[in-house]
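1. my questions are about this predicted structure, shown below with the sequence.
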Amino acid sequence: MSSTVDLHDEVASQLFAAYSSRDSITPPRESIDKLDLSGAYRIQRWQQQAFEDQGHKVIGHKIGLTSLAMQKQLGVDSPDFGFFTDHMLLDARQPIATSSFIAPKVEPELAFRLKTDLPADATLEQVRSAIDEVYLAVEIIDSRVANWDIRLVDTVADNASCGAVVLGSVIDVELTELDAVQATMILNGEAAGSGKGSDVMGDPLLPLQWLAHTLSQQGTEIKAGSIVLTGSFCGAIPFEPGDKLEVDYGKYGTLSLAFN
């Protein structure tokens, strides 16, 4: 009989293979009895190492489930985090292939590039001081778990359901006023979701503070140069080939995507 450690590796291997095969898997919680967050993050780290072994470079983190809308949508009650690589960073100027994903959805966010390392006990002011650039951003979330049948441990094991990241323009915004930034998703000309910075834990930088503390418990830290997405302003929406998305950030501009 396989040991628990072997089962973690087996599930990690299945999730990693799903990026290429587009074949979804059984929820990890059903494959591993009493799967906990520690085990789920171990599964995630296995996949990160597998990507790095293939030559991919981890360039940042995504923090998910930081808004009440997303927690309700996915039936969870706390944030999580994952990683993304240079191969997961897509160009907004190029059509995005829907076939690259299994069951993709899109959500509007802000992304932050750090100019200094972020200590585990960083204050909010230290977080602000560490920010180099602020980007308009969209995350494409995807589930390698069949039918989005996930609980917190399942999405964590599945790299926080990260599919891809699209960065828009760098914006000039006061970091003390991020809670007032608004975003509206317009899919094929119709409003499809909206929110503002205060919907992301009250301030889109608070998830960064949370991540610094959480990573420290795993013996790592957020390094200078990292790009971090801190969570969706509203619920995610699915898209199909031929769809066009515009995310309107008001005075800060727009981010437009086309899917084929």
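-> Now that the structure is in, tell me what you want to look at.

2. what segments of the stretch 1-150 of the chain are strands?
-> Secondary structure of the stretch 1-150 of the chain (DSSP state E, counting those that start in this stretch): strands at 58-64, 80-85, 89-90, 105-114, 131-141.

3. mind listing what's buried along the longest one?
-> Of the residues in strand 131-141, those scored as buried under the neighbour-count criterion (16 or more other Cβ atoms under 10 Å) are 131, 134, 135, 136, 137, 138, 139, 140, 141. Any C-beta I mention is one placed from the backbone N, CA and C, and that applies to glycine too.

4. the closest residue to the fifth one other than its chain neighbours bridge partners, please.
-> Sequence neighbours aside, residue 111 is the residue nearest to residue 137 in space, at 3.9 Å (criterion: Cβ to Cβ, 6 or more residues apart in numbering). Each beta-bridge partner of residue 111 is listed here: residue 135, residue 229, as defined by DSSP bridges.

5. in space, not sequence, find me the middle residue of the protein.
-> For the chain, the residue nearest the mean C-alpha position is residue 62 (3.6 Å; Cα atoms, centre = their mean).

6. once you drop chain neighbours, what's closest to that one?
-> Here the residue nearest residue 62, using Cβ to Cβ, 6+ apart, is residue 229, at 4.5 Å.

7. and if you look at residue 91?
-> For residue 91, ignoring the flanking residues on the chain, the nearest one in space by Cβ to Cβ, 6+ apart is residue 166 at 7.6 Å.

8. strands paired with whichever strand or helix holds the one you found, and their directions?
-> Using DSSP states H and E, residue 166 sits within strand 162-170. Counting by DSSP bridges, the strands paired with strand 162-170 are strand 89-90 (parallel), strand 131-141 (antiparallel).

9. which residues touch residue 171?
-> Neighbour list for residue 171: 134, 135, 136, 249, 252, 253 [criterion: Cβ atoms under 8 Å, 6 or more residues apart in numbering].

10. now for those residues, which pair is the farthest apart?
-> Across these, the longest distance by Cβ to Cβ is 11.7 Å; it joins 134 and 253.

11. where do the helices sit along the stretch 151-260 of the chain?
-> Ranges of helices in the stretch 151-260 of the chain, per DSSP state H, counting those that start in this stretch, are 152-157, 206-216.

12. for the stretch 1-150 of the chain, same thing?
-> Under the criterion DSSP H, counting those that start in this stretch, the stretch 1-150 of the chain carries helices at the ranges 4-21, 28-31, 37-53, 68-74, 124-130.

13. as CSV, those with mean neighbour count would be great.
-> Formatted as CSV, those follow (neighbours: other Cβ atoms under 10 Å):
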stretch, mean neighbour count
helix 4-21, 17
helix 28-31, 19
helix 37-53, 18
helix 68-74, 18
helix 124-130, 16
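
14. select, out of the ones you listed, the one closest to residue 239.
-> helix 68-74 (15.5 Å).

15. for the stretch 151-260 of the chain, which spans come out with low pLDDT?
-> By pLDDT under 70, the stretch 151-260 of the chain has no low-scoring segment.
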